[in-house]
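Q: Next comes the sequence, and after it the predicted model I'd like to discuss.
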Amino acid sequence: MILHCNSTEFLHNHIFNHSSRDISNTPFIRYKEFTLLYANSQEWCRECVTIFPLKELLSCLEYKVTGDLKDFMINRFIDHSKQIEEGDIFVSETGNRVFIEEAIQNGAKAILTEYFIHDCSVPQVILPTDMHLFKERISLMTHKLYGRNIKTIGITGTNGKTTVASFIGQLLMQQQKSVCIIGTLGVFVNGQKLNRPFRSNTTLPFYDFLQVVKYCFEHKVEYIVLEASSQGLLDNRLGIYPIDVGVFLNIGKDHLEFHGGMVPYKKSKELLATLSKQIVINDDDEWCRSIAEKTELPVIRFGERYTNDVIYQKADYSSEIVHYKYIVRDKEVQLKMKNSGYYNGMNIAAALASLSGLNIPLEDIKVLTLPKGRLEQIPNENGLEVLIDYAHTPDALEACLSTISSYAKKDIYVVFGCGGNRDKQKRKGMGEVATKYATKIIITSDNPRDERPEDIIAEIVSGVSLSKVMIEPDREKAIILALSTAQKGDVILIAGKGHEQEQITNGLVVPFSDHHVVRNYLDESGGLITKNDPVA
Ligand SMILES: CC(=O)N[C@H]1[C@@H](OP(=O)(O)OP(=O)(O)OC[C@H]2O[C@@H](n3ccc(=O)[nH]c3=O)[C@H](O)[C@@H]2O)O[C@H](CO)[C@@H](O)[C@@H]1O[C@H](C)C(=O)N[C@@H](C)C(=O)N[C@H](CCC(=O)O)C(=O)O
Ligand SMILES: Nc1ncnc2c1ncn2[C@@H]1O[C@H](COP(=O)(O)OP(=O)(O)OP(=O)(O)O)[C@@H](O)[C@H]1O
Ligand SMILES: N[C@H](CCC[C@H](N)C(=O)O)C(=O)O
């Protein structure tokens, strides 16, 4: 049995209350509290179990089984019909008949559902009220069965999650550790992208995440580094999976249309603390400091102040190779990185602080590189500095453009748009930032989705100085306009899409890559040095 009934009730009433969307009064839950509760209420040994015992997951919950489900030992719970393989249980939260039929055809041996499904040819496990408790249990059981010996680092913040995850991964691999990174760029084990049909979210959907943990166990991974987006946290995509280090980077304007304002946006990100055993915070960020004040968890701080656990010492950011220096718990750590600005120094500090939280020695640190589509330089013989970057918020654009303006001698071009069906408030702000730093601004489209590109562009233009701006809604033409107009010595920043491989317009997903457009243009105009660059 997993829990005694009274303890289930206690947990339900007092702790696991963030399944609902109203998180205005979410208390910080101390990790110790719930692990102790679980430790007291568990009776089983997990060492040699490699599948999920359904009966234990269901005990004390309100449920009903229809049909003859003979085998209660389950290999996988899967919530996407196309991922189902023989013997899996299909979790249907929507009750969609087409997906259920597809799952059965693909070999589902049962359906886990909240509602009774008529004329269903396989057994059903019906959880009319307790599906959220089931998810909490299975996340905790996944940790017990598969993740117990894997240290997990969760990273949240508006900007820099992918970069910090990549830095942590690189630093761990330099220490010969085996690491899995889960984030915007996909799922990577020791640098190799997993070729599995996971969905493309920054924070993986819940059952996809559980599969990755199991995969990591089977492949002897020692560390999982994951990006925790505000939407992912609010959507409970991590359940109550314990996080060894929760990292808080910064807060800025993004996803406000989704969350309905800065307060709920911050609250969603703060849910990461409820899962964490200790937290790492950016001491230079007011919101991060406020989290440290509220929590009883151990806190590791990084930033410029000399009282921090990781002290970031200012460097010369105008040089091509930046020499970053840190004091990590009284020990000096130095690192070099190309073309990367002040903010990437903060991202490195966050990575160092996370590793110090896990007591990982920082010996022989080698060069770190930025992930794909982050200040990615495209070599050419035209004398242009062409950079592709994923800046799609005002703060991110400011971080990039202020870095460029610290060394640029001639014109700074910026080509960007803003996503449709996404935060409208950031559009004018990005226009204002562009005006502050760039000398030539080309406004274009960036995944207009269901909105009219002209409407999005008009909102950006409301923040831009008209004397600097050109408008070209076709992104390919806009990039070519910059490349063909710029002169030797100019810098061109193509912002917003970074690694992305598509343009989403009018409900259509069309293959599109900033990298390809630049490369094709430079190839045709004879300006490219490296013909075999990997595609972003
Ligand atoms: C708007 C939104 O949040 N959508 C999320 C939502 O999609 P949805 O409900 O529309 O999913 P759907 O495709 O209609 O399918 C619903 C369910 O039917 C089932 N299904 C569906 C299709 C099928 O063939 N078979 C099948 O079984 C699955 O159980 C599926 O979960 O649930 C899916 C599963 O959890 C998510 O992948 C999906 O994220 C979409 C792709 C998305 O863009 N989300 C954004 C808002 C998001 O979450 N972004 C953050 C990043 C933010 C940042 O970087 O700052 C993220 O973590 O990714
Ligand atoms: N610490 C930082 N502060 C401000 N801007 C940053 C920081 N780190 C990165 N950026 C900017 O944000 C962009 C996105 O970086 P990154 O992909 O690491 O962030 P992210 O939080 O994972 O983004 P997303 O949530 O959209 O996936 C970068 O291309 C850069 O322009
Ligand atoms: N994770 C972010 C990515 C935005 C990237 C940008 N290219 C856009 O489409 O707005 C989001 O879903 O809002």
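A: Cool, got the structure. Ligands and ions are numbered 1, 2, ... in the order given.
Q: Can you show me the CA trace of the helix ranked longest in the chain as CSV?
A: Using DSSP state H to define each element, the chain has its longest helix at helix 341-357. Extracted in CSV, the C-alpha atoms of helix 341-357 (Å, rounded to 0.1, in the frame of the first residue of the first chain):
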residue,chain,number,x,y,z
GLY,A,341,28.2,39.7,-22.9
TYR,A,342,27.4,40.4,-19.3
TYR,A,343,24.2,38.3,-19.1
ASN,A,344,25.9,35.1,-20.2
GLY,A,345,28.3,35.7,-17.3
MET,A,346,25.3,35.6,-15.0
ASN,A,347,24.1,32.4,-16.7
ILE,A,348,27.5,30.8,-16.0
ALA,A,349,27.2,32.0,-12.4
ALA,A,350,23.8,30.3,-12.1
ALA,A,351,25.4,27.1,-13.5
LEU,A,352,28.3,27.3,-11.0
ALA,A,353,25.9,27.9,-8.1
SER,A,354,23.8,24.9,-9.1
LEU,A,355,26.9,22.6,-9.2
SER,A,356,28.1,24.0,-5.9
GLY,A,357,24.7,23.1,-4.4
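Q: Check the offset of it from the chain's centre.
A: 16 Å (CA atoms, centre = their mean, to the nearest Å).
Q: what does the stretch 351-500 of the chain put close to ligand 3?
A: 392, 419, 422, 446, 447, 496, 497, 500 (CB under 6 Å from any ligand atom). Where you see a C-beta, it was placed from the backbone N, CA and C, and this is true even at glycine.
Q: Following the chain onward from the longest helix of the chain, which element is next?
A: For helix 341-357, the following helix or strand on the C-terminal side (DSSP states H and E) is strand 376-378.
Q: what about that following strand, near ligand 2?
A: No. Strand 376-378 lies out of reach of ligand 2 by CB under 6 Å from any ligand atom, never closer than 9.0 Å.
Q: which neighbours does that strand have in its sheet, and in what orientation?
A: Here strand 376-378 is paired, per DSSP bridges, with strand 385-389 (antiparallel).
Q: domain assignment for this protein?
A: Listed by the TED database, the domain ranges of the chain are 54-128, 138-358, 376-526.
Q: any chance of those in a markdown table, with mean pLDDT too?
A: Output for those, formatted as a markdown table (pLDDT from 0 to 100):
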| stretch | mean pLDDT |
| --- | --- |
| domain 54-128 | 92 |
| domain 138-358 | 95 |
| domain 376-526 | 96 |
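Q: looking at those, which is closest to residue 368?
A: Closest of these to residue 368 is domain 138-358, at 5.3 Å (criterion: CB to CB).
Q: That closest one: end-to-end distance?
A: End-to-end distance for domain 138-358: 26 Å, by CA to CA, to the nearest Å.
Q: same question, stretch 323-338
A: Distance between the boundary residues of stretch 323-338 (CA to CA) amounts to 9 Å.
Q: Enumerate the residues of the stretch 1-150 of the chain near ligand 1.
A: 79, 80, 81, 82, 94, 96, 99.
Q: which of those residues are buried?
A: Among these, those buried by neighbour count (16 or more other CB atoms under 10 Å) are 79, 80, 81, 99.
Q: now residue 95: how far from ligand 2?
A: Using CB to the nearest ligand atom, to the nearest Å, we find residue 95 at a distance of 31 Å from ligand 2.
Q: That residue: what secondary structure?
A: Using DSSP: H, G, I helix; E, B strand; the rest coil, the structure places residue 95 in coil.
Q: Tell me who's in contact with residue 493.
A: Applying CB atoms under 8 Å, 6 or more residues apart in numbering, we find residue 493 in contact with 387, 389, 391, 400, 401, 404, 412, 413, 414, 415, 416, 438.
Q: Show me the beta-bridge partners of it.
A: Residue 493 has these beta-bridge partners by DSSP bridges: residue 387, residue 414.
Q: buried set for stretch 492-509?
A: 492, 493, 494, 495, 496, 497, 498, 499, 500, 503, 504, 505.
Q: That stretch and ligand 1, are they touching?
A: No. Counting by CB under 6 Å from any ligand atom, no contacts exist between stretch 492-509 and ligand 1, the nearest distance being 9.8 Å.
Q: In the stretch 401-536 of the chain, what residue comes closest to ligand 1?
A: residue 422 (8.3 Å; CB to the nearest ligand atom).
Q: At the contact with ligand 3, which residues of this structure appear?
A: Applying CB under 6 Å from any ligand atom, we find that the chain lies next to ligand 3 at 202, 392, 419, 422, 446, 447, 496, 497, 500.
Q: distance of the second one from residue 259?
A: So that's residue 392. As judged by CB to CB, to the nearest Å, residue 392 and residue 259 stand 16 Å apart.
Q: Take the residues of the chain next to ligand 3 and keep only those in helices.
A: Per DSSP H, the residues of the chain next to ligand 3 never map to helices.
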